[in-house]
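> here is my input, please return the structure:
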Amino acid sequence: MAFGQGKYTFEVVEGWFKPPKDWLFGWIPAVACDSKGRVFVYSRSEHPLVIFDSDGNFIEEWGKDILKDAHGIWIDPADNVYCTDRNSHCVFKFNPKGELVMTLGTPGKPSERDGEPFNKPTDAVTVKAIDGSSHIVAMFVSDGYGNSCIHKFTPEGRLIKSWGKQGSGQGEFNLPHCVRVDRYNRVWVCDRENNRIQIFDLDGNYLEERKGLMRPDAIFFDPNEDVVYVAELEHQVSIWTLDGELITSWGNGKPSEKPGEFLGGPHGIWVDKNGDLYVSEVLVSGRIQKFVRV
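Next comes the predicted model:
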């Protein structure tokens, strides 16, 4: 069955996800792919970060004694993996070998003051140098369920600045749920409960917003085209130009068990190097779907 339209038409791969026998997966808040095409599945289960090949076959698992409450995941150009663990109040950075190399936050301890990192953070993203290299120049974290702000850090984890507060005005948030940076160095924030995405420059200055979304959970930018993929909690995936023109969508805001549609709520989204799309869901156990671009 095909979904989308035109050059953004996809076919769902039924039975793609093949975890080891007797492994149970709860909600799967996040999914990401590295430069080798490996698929990282970040779930709320006894196996929080599991790596599969592009055919859905198990490779290995990481962070079993570290990760407690999966929420957001990001993989940088050098294949370092950043896991935002909500109830641990931390962002954990793993190198490409699966070794923990940095912890932002104090595990199990929320911030003592509003607006300071972290109180149930939701996601993280790195920003690479404008010279096209893989050198990281900054990192942003959306923070999240206990706070209502965005934090900017150096690559080494030193806090540079924070902005935002609870509300619905410009630069205010009602659950900043995901943060990403487009190729023009604009910071996009899924302001989920305000049903919008807000866009800022790298210093946190408000630029514009995208309204009319159905509780946007996560976004992914096509690295080769000016296109953004949006996972919307109300059973929908949509694809837009960076200027805000809707290209296509499916799911239509209704829960469905049909392959390619969404029973729970789309929460994680990523496109691999082949242009294939992965969508993970919450509010239902063990659902992650792969869509091959036609």
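> when you work out contacts or count neighbours from here on, use the C-alpha atoms and nothing else.
Fine.
> residue 19: how many residues sit nearby?
Neighbours of residue 19 under the rule other C-alpha atoms under 10 Å: 17.
> please report how far it lies from residue 73.
19 Å (C-alpha to C-alpha, to the nearest Å).
> and residue 193, that one's in a helix?
Yes: Residue 193: assigned to a helix according to DSSP: H, G, I helix; E, B strand; the rest coil.
> how about it, nearest residue that isn't a chain neighbour?
Nearest residue to residue 193, sequence neighbours excluded (C-alpha to C-alpha, 6 or more residues apart in numbering): residue 174, at 5.3 Å.
> which residues touch the one you found?
148, 166, 167, 168, 191, 192, 193, 194 (C-alpha atoms under 8 Å, 6 or more residues apart in numbering).
> kindly report the same for residue 135.
Taking C-alpha under 8 Å, 6+ apart as the definition, contacts of residue 135 comprise 128, 129.
> try 10 Å
By C-alpha atoms under 10 Å, 6 or more residues apart in numbering, the contact list for residue 135 reads 76, 77, 78, 126, 127, 128, 129, 155.
> now those: which count as buried?
Buried members of those, counted by 16 or more other C-alpha atoms under 10 Å: 76, 77, 126, 127, 128, 155.
> show me which pair in those residues is furthest apart.
Checked with C-alpha to C-alpha, the buried ones among the contacts of residue 135 reach their widest spread between 77 and 155, with 13.3 Å between them.
> anything in contact with each of those two?
126, 127, 128, 135, 136.
> out of the contacts of residue 135, who's nearest residue 50?
Among those, and counting by C-alpha to C-alpha, the member closest to residue 50 is residue 76, at 17.5 Å.
> what's the closest non-adjacent residue to the closest one?
Nearest non-adjacent residue to residue 76, counting by C-alpha to C-alpha, 6+ apart: residue 126, 6.5 Å away.
> what mean pLDDT does the host helix or strand of that neighbour get?
Assessed by DSSP states H and E, residue 126 sits inside strand 121-128. In this model, strand 121-128 carries a mean pLDDT of 96.
> helices or strands up against that strand?
Packed against strand 121-128, as judged by 3 or more C-alpha pairs under 10 Å, 6 or more residues apart in numbering; DSSP states H and E, are the following elements: strand 70-75, strand 81-85, strand 90-94, strand 136-143, strand 149-153, strand 176-181, strand 187-191.
> let's see that with 7 Å instead.
strand 70-75, strand 81-85, strand 136-143, strand 176-181 (3 or more C-alpha pairs under 7 Å, 6 or more residues apart in numbering; DSSP states H and E).
> what angle do the shortest one and strand 121-128 make?
Here strand 81-85 runs at an angle of 160 degrees relative to strand 121-128 (axes from the mean of the first three to the mean of the last three C-alpha atoms, to 10 degrees).
> can we start the residue count at 484 from this point?
Fine by me, first position is 484 from now on; the one you just mentioned is strand 564-568.
> what ranges in the stretch 534-683 of the chain fall below the confidence cut-off?
Counting by pLDDT under 70, the stretch 534-683 of the chain has low-confidence residues at 614-616.
> tally of neighbours for the closest residue to residue 600 other than its chain neighbours?
Distances taken as C-alpha to C-alpha, 6+ apart place residue 594 nearest to residue 600, at 5.7 Å, with adjacent residues excluded. Here the number of neighbours of residue 594 (other C-alpha under 10 Å) works out to 16.
> with residue 584 instead?
10.
> could you pull out the strands for the stretch 484-633 of the chain?
485-488, 491-495, 513-516, 522-525, 532-535, 541-545, 553-558, 564-568, 573-577, 583-587, 604-611, 619-626, 632-636 (DSSP state E, counting those that start in this stretch).
> of all those strands, which one is nearest residue 741?
strand 491-495 (10.3 Å).
> strands paired with the closest one, and their directions?
According to DSSP bridges, strand 491-495 forms sheet pairs with strand 485-488 (antiparallel), strand 771-776 (antiparallel).
> what sits up against the longest one?
Contacts made with strand 771-776 from outside it, assessed by C-alpha atoms under 7 Å, 6 or more residues apart in numbering, are listed as 491-496, 499, 758-764.
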